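1. Please work out how this folds:
(2 chains)
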There are 2 protein chains.
Amino acid sequence: MSDAAFVAVDWGTTSFRLWLLSKSGTVLAERRSSEGMTTAMQTGFAEVLASHLAAISAPEGLPVIICGMAGARQGWVEAGYVDVPANLSEVLDRATPVLGQKGDIRILPGLAQRAEQTPDVMRGEETQLLGALSEHHRSGHQLVCMPGTHSKWVRVEDLNVTGFSTFMTGEMFDVISKHSILSHAVADAQSFTGDLPAFRDAVKDIYENPQMATNRFFTLRSGQLLHGLSATDAKAKLSGMLIGLEIAGAHASAPKESTVILIASGGLGALYKAAFDALSIDFTIIDADDAVRRGLIAAATTIWH
Amino acid sequence: MSDAAFVAVDWGTTSFRLWLLSKSGTVLAERRSSEGMTTAMQTGFAEVLASHLAAISAPEGLPVIICGMAGARQGWVEAGYVDVPANLSEVLDRATPVLGQKGDIRILPGLAQRAEQTPDVMRGEETQLLGALSEHHRSGHQLVCMPGTHSKWVRVEDLNVTGFSTFMTGEMFDVISKHSILSHAVADAQSFTGDLPAFRDAVKDIYENPQMATNRFFTLRSGQLLHGLSATDAKAKLSGMLIGLEIAGAHASAPKESTVILIASGGLGALYKAAFDALSIDFTIIDADDAVRRGLIAAATTIWH
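-> Numbering: from 1, shown residues only, chains lettered A, B, ... in the order given. Reported below is the predicted structural model:
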């Protein structure tokens, strides 16, 4: 580990990912755990970080760059926000040091949109965005989709973030599936992919009829009662409805000529790909894990060059 | 109680209301309790009914007319559905007898819409509708709103139900308030009325931008973080958003020239009145309690005339 130059950490609400990196950005070791902010608030942020560094025998005192909810008010140290509109490079200039630690530890700020009617915040996604756009930079309007519990859609023009919108898609899916009357309709659903017609039809239906969202949710119950709708189709439809609603909203808020960039991984990325295909929306996909690591490396090399 | 001619019961999922009525429909006694279907499934439907009849010293063996979830598959006796399009009088002709009881007990059917894309069901609201339209009948297209946990909007033309749509407004409000990240933003909210600007603004915003629903939900969190949005305003906004979304969907599904009729009572009725006012939608209001009792009386006098 003599090549080790710094440590990069993506510290979310319920997830923790750490990379030990060389000066050139080569990954020397990696750690993943569920010790997100929620856990670290109880067990201590310094302790969680130290235990992972010990597990990979990292040299003591390496500089550490962190993005995500560790910088929230209830996190390790509040790292503030860069207000949009802003150039993404401002995120690199505004890292907040964590004082009283052995090495140089800094947390990147989030982004805030302070508009009266559409206030919005993000923490962590700004670093993904930085990583993605530094590699896939294009001129003109870009509309960047980062799906998740709280999906973020960012409007970018030449590395300037002009605005962004959060959609509570993943959380709504979770809450409706677990706590509403529809929990009965989706119980015992099997896993599904974006190829399922129920998913694609629901995406298209709600994209065209977003005002029917809370009505279409109920059709999962009445479809089960009247047409024997299966639990798997019901769950796929609920997912398609919420993703279709999100895409309708994000599209309506962006310049029509925008290029769509999807930053995602795994099963969720595949669902959004299928949704864009169903809606005949052209897009470029960038792996989310790669993007956040690349963004952290960009920050580290800027700070400790 | 020698005038007592029959008993009318509105038996919902979580509520039970009973009226002892004379032949002409005069209320001689009334009972209200929370022994809805959910409770009666445990304690017995016959037992719940008998205990309320005993409490008002009702003569034995009176005919009983029932509407609502007591007629669901998991209720007392499954009372089936009248399929729409249908004339509302068909509901009166299709009451299902509860066999093996002392008196003549019948449960009214619900309505079902078996369309492949928009299946829908109601139980209980068809009786409200019957009561409301028998007193306030008009020719032409009517759009009848019955707000609640699962709000029902019914398209009527000359007492013919041409179609209807359920919106999960009340349940979504409940589930989001209690189980999502927004529970923090609305905790400790004080009671509010439809006069609150936060409510009216949210109704208008979502009516015009329904595709932004799951984004606007998140602004309750970011508004709290960035602008110190109060819990009361956040809760009023969430209510306004969900009601505005419902009205946008219901309006889009009905002929433009429809007369809007609101069947509601109490605080919920007042919120919908304020929402219609904010959107400059003309409407007639009918008390929901009166309507369901009147519908049950119409059914009883038709069956036992």
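2. which stretches of the stretch 101-250 of chain A form strands?
-> A:105-107, A:110-113, A:120-122, A:141-146, A:151-157, A:160-167 (DSSP state E, counting those that start in this stretch).
3. and stretch A:114-127 with chain B, contact?
-> Yes: contact of stretch A:114-127 with chain B (CB under 8 Å from any CB of the partner chain) involves A:114, A:116-121. All C-beta spots, glycine's among them, are computed from the backbone N, C-alpha and C.
4. Need those residues in TSV (columns: neighbour count).
-> Compiled in TSV, those are given as follows (neighbours: other CB atoms under 10 Å in any protein chain shown):
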residue	neighbour count
A:114	14
A:116	8
A:117	9
A:118	20
A:119	21
A:120	26
A:121	20
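5. out of the residues you listed, who's nearest residue A:12?
-> Nearest to residue A:12, judged by CB to CB, of the residues of stretch A:114-127 next to chain B is residue A:121 at 14.1 Å.
6. What angle do strand A:160-167 and the lengthiest helix in chain A make with each other?
-> Longest helix in chain A by number of residues (criterion: DSSP state H): helix A:231-252. Computed by axes from the mean of the first three to the mean of the last three CA atoms, to 10 degrees, the angle separating helix A:231-252 from strand A:160-167 equals 150 degrees.
7. Just the buried positions in helix A:231-252, please.
-> Across helix A:231-252, burial judged by 16 or more other CB atoms under 10 Å in any protein chain shown covers A:231-251.
8. Where does the prediction get shaky in the stretch 101-250 of chain A?
-> Applying pLDDT under 70 to the stretch 101-250 of chain A picks out residues A:136-137.
9. and with 80 instead?
-> Across the stretch 101-250 of chain A, the ranges flagged by pLDDT under 80 are A:135-139.
10. coming back round to it: nearest to residue A:180, of the strands of the stretch 101-250 of chain A?
-> Per CB to CB, nearest to residue A:180 of the strands of the stretch 101-250 of chain A: strand A:160-167, 18.5 Å.
11. now the angle from the closest one to strand A:141-146?
-> 40 degrees.
12. need the contact list for the residue lying closest to residue A:278 once chain neighbours are set aside.
-> Leaving aside its sequence neighbours, residue A:278 sits nearest to residue A:200 (CB to CB, 6 or more residues apart in numbering or on different chains; 4.1 Å). Going by CB atoms under 8 Å, 6 or more residues apart in numbering or on different chains, residue A:200 touches A:194, A:240, A:274-275, A:278.
13. Likewise for residue A:99?
-> residue A:77.
14. Wait, a helix at it?
-> No: applying DSSP: H, G, I helix; E, B strand; the rest coil, one finds residue A:99 to be coil, outside a helix.
15. Next, find the distance separating it from chain B.
-> 24 Å (CB to the nearest CB, to the nearest Å).
16. Ok, residue A:38 next?
-> Taking CB to the nearest CB, one finds residue A:38 at 12 Å from chain B.
17. What sits closest to residue A:71 if chain neighbours are left out?
-> residue A:79 (3.0 Å).
18. The one you found is in contact with residue A:110, isn't it?
-> Yes: Residue A:79 lies in contact with residue A:110 (CB atoms under 8 Å); the separation is 7.0 Å.
19. Between these two, which contacts overlap?
-> With CB under 8 Å, 6+ apart, residue A:79 and residue A:110 have common neighbours A:71-72, A:123.
20. For residue A:206, give me its contacts.
-> A:212-213, A:216, A:240-242, A:244-245, A:248.
21. which bits of the stretch 1-150 of chain A sit near chain B?
-> A:73, A:112-114, A:116-121, A:150.
22. ok so, going back, tell me how many other residues crowd the residue nearest to residue A:71.
-> By other CB atoms under 10 Å in any protein chain shown, 26 other residues sit near residue A:79.
23. With residue A:26 instead?
-> Residue A:26: 13 neighbours (other CB under 10 Å).
24. One more: residue A:303?
-> Residue A:303, neighbours per other CB under 10 Å, totals 16.
25. ok, it to chain B distance?
-> Taken as CB to the nearest CB, the span from residue A:303 to chain B is 26 Å.
26. Surely that residue and residue A:92 touch.
-> Yes: in this structure, residue A:303 is within contact of residue A:92 by CB under 8 Å, at 7.1 Å.
27. show me the contacts for residue A:33.
-> Neighbours of residue A:33 in contact, by CB under 8 Å, 6+ apart: A:15-16, A:52.
28. quick one: which of these is nearest chain B?
-> Looking at the contacts of residue A:33 and their distance to chain B, the nearest is residue A:15, at 15.9 Å (CB to the nearest CB).
29. thinking again about what came up before, report the entries of the buried residues of helix A:231-252 that also contact chain B.
-> Applying CB under 8 Å from any CB to the buried residues of helix A:231-252, those adjacent to chain B are A:242, A:245-246, A:248-249.
30. For the stretch 151-300 of chain A, which residues are neighbours of chain B?
-> Applying CB under 8 Å from any CB, we find that the stretch 151-300 of chain A lies next to chain B at A:165-169, A:171-172, A:175-176, A:178-181, A:205, A:209-215, A:217-219, A:221-223, A:225-227, A:242, A:245-246, A:248-249, A:252-253.
31. Put the buried members of those into a ChimeraX selection.
-> In ChimeraX syntax, the buried subset of those is picked out as below (16+ other CB under 10 Å):
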select /A:165,166,167,168,169,171,172,175,176,179,180,181,205,209,210,211,212,213,214,215,217,218,219,221,222,223,225,226,242,245,246,248,249,253
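32. in whichever strand or helix holds residue A:41, what counts as buried?
-> Assessed by DSSP states H and E, residue A:41 sits inside helix A:37-43. Within helix A:37-43, the residues that count as buried by 16+ other CB under 10 Å are A:37, A:39-40.
33. Redo the residues you listed as JSON lines? Include pLDDT.
-> JSON lines is the format used below for the buried residues of helix A:37-43 (pLDDT from 0 to 100):
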{"residue": "A:37", "pLDDT": "94"}
{"residue": "A:39", "pLDDT": "94"}
{"residue": "A:40", "pLDDT": "95"}
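34. what about residue A:75, how many neighbours?
-> Quick note: residue A:75 (other CB under 10 Å) scores 21 neighbours.
35. cool, and residue A:174?
-> 14.
36. I'd like the distance between it and residue B:176.
-> 12 Å (CB to CB, to the nearest Å).
37. what does residue A:261 give?
-> 30 Å.
38. quick revisit: which of the shared contacts of residue A:79 and residue A:110 fall within helices?
-> Among the shared contacts of residue A:79 and residue A:110, no member falls in helices (DSSP H).
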